[in-house]
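J.: The amino acid sequence is not available; the structure is as follows:
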C-alpha cells in the first residue's frame, strides 16, 4: 500500500493502453527529437580525430580536413541508403527487423545484439561527454564526473519510467538551441578565418601529400574515431510511424535535413578548430569544442550557452537510447530472443525492465571507465556499423528477390552502403582493437550465443506447454500438510480452511525431545480438531529437515497423481515494520519446499489487528 | 540445491542439538577465552589517557600514574562486586538477567540495550585497534585500514556462522602469547628504569599537586578514556556454566586472576610508557604500545611478536562480542524483547541473525569512523558501565530482599560497586558528551523505546493467537481462482489440481480487446475442461488490476466464511539461469495479492524438462 502510493508519487497514475497511441509528430518536432544522437556527436567527433592525429604531431592536424571530408561522404552514403530503408519499411524497420526478415533469425539476432551493445555505449559515451562539457566550463567539478554522470543516468531512468508521452516538446528545445549555437560558432569562426582575425595562427590548407611520420594506419584510425559522429542516423528510419502523414515522405525529408545539418556543423567545427589552431587536451579536462567556443566568443555568456546546450543535447542523445533499448529488447522478447519480462509494460506503459537494465549497464560502464569519453569511444560505433551493414545487405536481398520498379538502382545504392559500412567495421575493428574494440569483438558473439540459448529454451518450453485439447484432464488427488508450532488461532483457522479443500489432512509438529512430543500429542487429543497430528522428534534445531523427510514418506506412500499441498500461515500485519517481526521461517520453508519438492505451497493469511 | 552445497562447503555439516552441550572448560582454557576482551584493552587504554593529558601539554603526562591507579582501584572494586554476581547467578547472570529479575523488565531492557550497543562498539574498537597494531608495524598498509578491518569482521562472521564449538583451544593461544609479551615488555621496561638505561629520559614520579594548566576536567576526561580498559570484565560472570565443576568457584578464581593480570599489565605499561617518555601520536599512525615496544626491544623479532600478539588478542576480543551479542539477543528474543528470528538457531546451531546483524552494524561503524580508534572510544564504555550499575543495583535489592547470611557485607560491596560505576557513567557522559558520547546518550533511550514497542506488539499477537480449545472450528468454504494466460499444459495441470480441492473453480483471463476476449471464450468452450471461464477486457496492460477487481466482486458475492484461493503456476526450471527467464509476473501478482487481499495464494509447480 505504501509502496503503491510511492509508485504513484514518483511515476504518476497508471496509463491505459489506448494512451500509448502517441500523437503523431510534425517534422519540426521529429527533427530535434530524433536527431539529437547524431548531432550531439559533434561534441566529440572532431576532438577524436585530432587526438589520433596528435599522436604523430601537430603537423598532422591539417589532415583532419580530408578525414572529416571522408566522414561527410560516409554520411551522404548513409542518408541515401536509409532513405530506401524508410521506403521499404514504413512501419519502422530497425536493423533487427530488416535483417531478421531478409537474412534470417541468426543475422537478425546479430543485428539486435549489436544495437543493444551500442545503445548501452551511447548512454555511457553521451553522458561522459555531457559531463565533460560541464566540467570544461566548471573545472572544480572535474573530480566528481562519475557521480554526476550516474545522477544524470538515473534521472533519465526515472523520466522514462514515468513514460515517454510527456517527453515531446520539452525535448525539442535543447536540440534547436544546440543547432543555433553551433551555426553561430561555425559562422563566427569562418568570419574570423576569412577576415584574418588576430587569433588565426595558421592558414587552413587541404593537404595533398602524406608527410613522413604520418602513416595510413594513423589516418584510418583518425577516420575510425571520427565515425563516432555518424552514429544515431538510423534513429529516424526506426521511427517512421511516429511521423505525421505522409509519414514516409516526411521521414525522408527529415533525414536529408539531418544529413545537411550534420555535414555543415561537423565539417564547420573541424575547419574552425584548425583555423584557431586548437590543440586537443590529452588529459581530457577541456574539450576541443569548449576551446573553440572560448577562442571564438571569449569566456562570456555565449561560451556558457554553448557549453550548456552541448551538455543538454548530449543528455538528450543518451535519452534516445532510453527509447531505443527498451523498445528493441521488447520486440526481441516477443520473438523469444530475449528474456520474456522485457516485453512487459509497466503501469505507465513503459518497458520497465529494459529501462532499468540500460540504467544499470551504463552506470557500470561509467564506473569502470571512470567517465572518460576517450576510453569509451574505441568500443563505440562497431555495433552501429555492423547493424548498418546487416540492414543494407538485407535490403539488397530484398530488392533482388522482389525485382520491382527501379530495383537495380536501389540495389546499387544499398549495396554500396553495405560495402562502405562493412569496410568501416573492418577498419574500426583492426585500428581500435587493442584500445578496447576487442571487448566488443568478443562480447558480440558471446551475447549472440546467450540469446540463441534463451531462444532455444523458450522454444522447448513452448513445446512442453503444448496441449492436446482432446486429451481428458488427469485425475488427481491431494494430501494437505499443515506444519504447526503449537495450538493457537492461526492453527485453528488454517485447519478450518484446509477442511474446505480435502478430508485428507495431516498436521505436522517437530518436537526437540520425546517429552515435548508427548506433551503436544496429549494437548492435541484434548483439543481434537478432527485432524491427525504427526509428530517427529528431531535432534536438529530446524523444522525444515523433518518436514522434507515427512513429505518424502508421504510421496512414497501414494502414487504420482497425488499432489501434496503444504499450507504455510503468513501474518498480515497492520504496520509495515511489524512485517519484519514475523514470517521469517515461513518464508524460508516456502523457498526450500519449492526448490526441493514437487509440492504446492499455499500461503494462508492471518490478519493481525495491531 | 546448489546453494545448499555451498552452505555446507562454507559452513560445514548441520549439527545436532545435543552437540550444543559444549565441553566444559578447565580454568587454563577459560581464562584466555573469556578475558581477551578485558586484557586487549591494554592496547589502547594507556594511549587514551596520554592523548587526553597531551591536550594540556607533555608536563601533564606524569598524571597518567594517578589516573591509572584510579582505574586499577576501579578494577578491584568490580572484581569484588562481580565475584558476588557469580555467587548469586551460577547459571550465568548477564546484566540483562540480573536487572530483569530484580529491577523489572524495563530496567532489564535498558541493560540489554546498553550491552548490545557496547558489543557492537567492542567489535568496532577492537578491530580498529587491531588494524592499527598492524599498520604501526607496517605503515604501508595505513591507507587500507577500512577494508582490512572489514575483512577481519567478515572472517569472524564466517567463523561464528560455522559455530563456536571449534573455537576453544585455538583461541587460547593468542591470549597467552599476549600475556607473555606484555609481561616481558613490562619487565624489560622496569629493568631499564631501575638500571637507568640510556633511553630513560625522565624520572617517573607520582605527582602530588595539580600544576596550573591542568584542570580536574582534563583529569576526569583522561580517567574516562582509561575506563575503556575496564570493559570486558563481566564476560566471566556471564559464562559460569561453561566452567568445570565447581564452576562458581573456578569462575571466581579466574576472575581474580584476570583482575591481577589486568592491574599488572595496564599499570606496568603506563609506568613504562612514562619512563620511556613516550609521546602519543595524535595522527594515529603509530600506537603508544608500539612505541614502547620499539623502545624496549628495538625494531626486531620481539617487536613484531608484540604487534602480532596485540593484533590477535584484539581480534579475539572482537570475537567475544560475536559470542555475546547473538546469545544476548536470542535471550531477549525469547523474552519477546527483540525480533523473534534472533532466537532461531541455524544449521550449525549458531544464532545467524545475531551474528550477521553484528557484522553489518560494526562494518557500518568502521566505515563511518574510517577505522579510527580515537573517534570510537568516546562512544564506548557508557553502555558497559550502565549495565554494571544496573546489575549491581539489582544485586543490592536482591540481598536486601533475601537477607541471608552475610547480607550486609554483600550489600555494601555491591552498593559501593553500583555507586562507583554510576559515577563513572556520569563522568563519562559529561566529559565525552561533545566528542561522540551524545550519540549513545540519545541512541540508548531510542532503542529502549523501539524494543518496548516490539515487546508490546508480540504481546498483542500472543493475545490474538490465544485459542479457546472448547470452541468448535469455524465452518468455511472456498472458491478457487486460476488466472490463465492461454490454453496449455500448465493450465490443464493446474485445473486438474484445483479439481481435487473444490468444484467451485473459476478460470480468469484478461483480454486487451473485445476481439481477443471472444476468441479465447470460443477456444475455451471447444476445450471444455469443466471449469467456468471469466474474461475481463482491460484497457490497462497489466493483469493485476482486473484480477483484484474480480476478487472484489467474488468477495461481495459470498459471505465472510468464504475463502478465496488463487492458484499461481510456477515454473520449476532445470538449470538455475532458466529461473530468471520465468515467473516474474507470477511473483509480482503473488506479492500484490498478499499485500492487498484476504486470499490464500498457492504456488503450483510445473516442472520444465529443459
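T.: Great, that's in hand. In this text, all values refer to a predicted model and were calculated from it rather than measured experimentally.

J.: make it CA atoms for all contacts and neighbour counts henceforth
T.: Noted.

J.: State the pLDDT value of the residue of chain A found nearest chain B.
T.: Closest residue of chain A to chain B, C-alpha to the nearest C-alpha: residue A:602 (3.7 Å). Predicted confidence (pLDDT) for residue A:602: 91.

J.: Give me the phi and psi for it.
T.: Dihedral angles of residue A:602 (phi, psi; degrees, to the nearest 10) stand at phi -110, psi 130.

J.: Give me the below-cutoff pLDDT ranges for the stretch 501-610 of chain A.
T.: A:583, A:610 (pLDDT under 70).

J.: re earlier: which residues touch the residue of chain A closest to chain B?
T.: A:565-568, B:600-603 (C-alpha atoms under 8 Å, 6 or more residues apart in numbering or on different chains).

J.: at 6 Å instead, please
T.: A:567, B:601-602 (C-alpha atoms under 6 Å, 6 or more residues apart in numbering or on different chains).

J.: will you turn those residues into a markdown table that also has distance to residue A:313?
T.: What follows is those, written out as a markdown table (distance: C-alpha to C-alpha, whole Å):
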| residue | distance to residue A:313 |
| --- | --- |
| A:567 | 57 |
| B:601 | 49 |
| B:602 | 51 |
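
J.: what's across from the residue nearest to the residue of chain A closest to chain B when sequence neighbours are not counted in the sheet?
T.: Distances taken as C-alpha to C-alpha, 6 or more residues apart in numbering or on different chains place residue B:602 nearest to residue A:602, at 3.7 Å, with adjacent residues excluded. Taking DSSP bridges as the rule, residue B:602 bridges to residue A:602, residue B:567.

J.: you'd agree residue A:509 is in a strand?
T.: Yes: secondary structure of residue A:509 (DSSP: H, G, I helix; E, B strand; the rest coil): part of a strand.

J.: Give me the distance between the helix or strand containing residue A:329 and the centre of its chain.
T.: Element membership for residue A:329, per DSSP states H and E: helix A:301-334. Between the centre of helix A:301-334 and the centre of its chain there are 12 Å (C-alpha atoms, centre = their mean, to the nearest Å).

J.: buried ones in it?
T.: Buried residues in helix A:301-334, counting neighbours by 16 or more other C-alpha atoms under 10 Å in any protein chain shown, are found at A:302-304, A:306-334.

J.: Give the burial count for the nearest residue to residue A:235 once chain neighbours are set aside, as a bare number.
T.: What sits nearest to residue A:235 in space, not counting adjacent residues and going by C-alpha to C-alpha, 6+ apart, is residue A:34, at 5.9 Å. Neighbours of residue A:34 under the rule other C-alpha atoms under 10 Å in any protein chain shown: 27.

J.: State the distance from residue A:34 to residue A:46.
T.: Note on residue A:34: its distance to residue A:46, by C-alpha to C-alpha, to the nearest Å, is 22 Å.

J.: Could you do residue A:133 as well?
T.: Distance of residue A:133 to residue A:46, given as C-alpha to C-alpha: 14 Å.

J.: Kindly report the same for residue A:89.
T.: Distance of residue A:89 to residue A:46, given as C-alpha to C-alpha: 33 Å.

J.: the more surrounded of the two?
T.: Shown here are residue A:89 and residue A:46; by other C-alpha under 10 Å, residue A:46 has more neighbours (30 against 17).

J.: Report the contact partners of that one.
T.: Counting by C-alpha under 6 Å, 6+ apart, residue A:46 touches residue A:270.

J.: shaky segments in the stretch 101-250 of chain A?
T.: For the stretch 101-250 of chain A, applying pLDDT under 70 flags the ranges A:163-169, A:198-204.

J.: Please, where are all the helices along it?
T.: Here the stretch 101-250 of chain A has its helices, by DSSP state H, counting those that start in this stretch, at A:105-137, A:145-161, A:168-195, A:216-226, A:235-238, A:247-275.

J.: Just name the most buried of these.
T.: Ranked by mean neighbour count, those are led by helix A:105-137 with a mean of 26 (mean count of other C-alpha atoms under 10 Å in any protein chain shown).

J.: same for it, what does it pack against?
T.: If you count contacts as 3 or more C-alpha pairs under 6 Å, 6 or more residues apart in numbering or on different chains; DSSP states H and E, helix A:105-137 packs onto helix A:95-103, helix A:301-334, helix A:352-368, helix A:373-376, helix A:382-402.

J.: could you say which helix or strand contains the nearest residue to residue A:231 once chain neighbours are set aside?
T.: In space, and not counting its chain neighbours, residue A:231 is closest to residue A:38: 5.7 Å by C-alpha to C-alpha, 6+ apart. Assessed by DSSP H and E, residue A:38 sits inside helix A:27-40.

J.: And for residue A:298, the neighbour number?
T.: By the measure other C-alpha under 10 Å, the count of residues near residue A:298 is 13.

J.: any idea how far it lies from residue B:272?
T.: For residue A:298, the distance to residue B:272 (C-alpha to C-alpha) stands at 69 Å.

J.: again with residue A:125
T.: Distance, residue A:125 to residue B:272, by C-alpha to C-alpha: 62 Å.

J.: Helix or strand next in line after the helix holding residue A:38, which one?
T.: Downstream of helix A:27-40 (by DSSP H and E), the next one is helix A:42-54.

J.: after that following helix, next one along is what?
T.: helix A:64-88.

J.: Determine the set of other helices and strands touching that following helix.
T.: Packing contacts for helix A:64-88, counted by 3+ C-alpha pairs under 6 Å, 6+ apart, involve no helix or strand.
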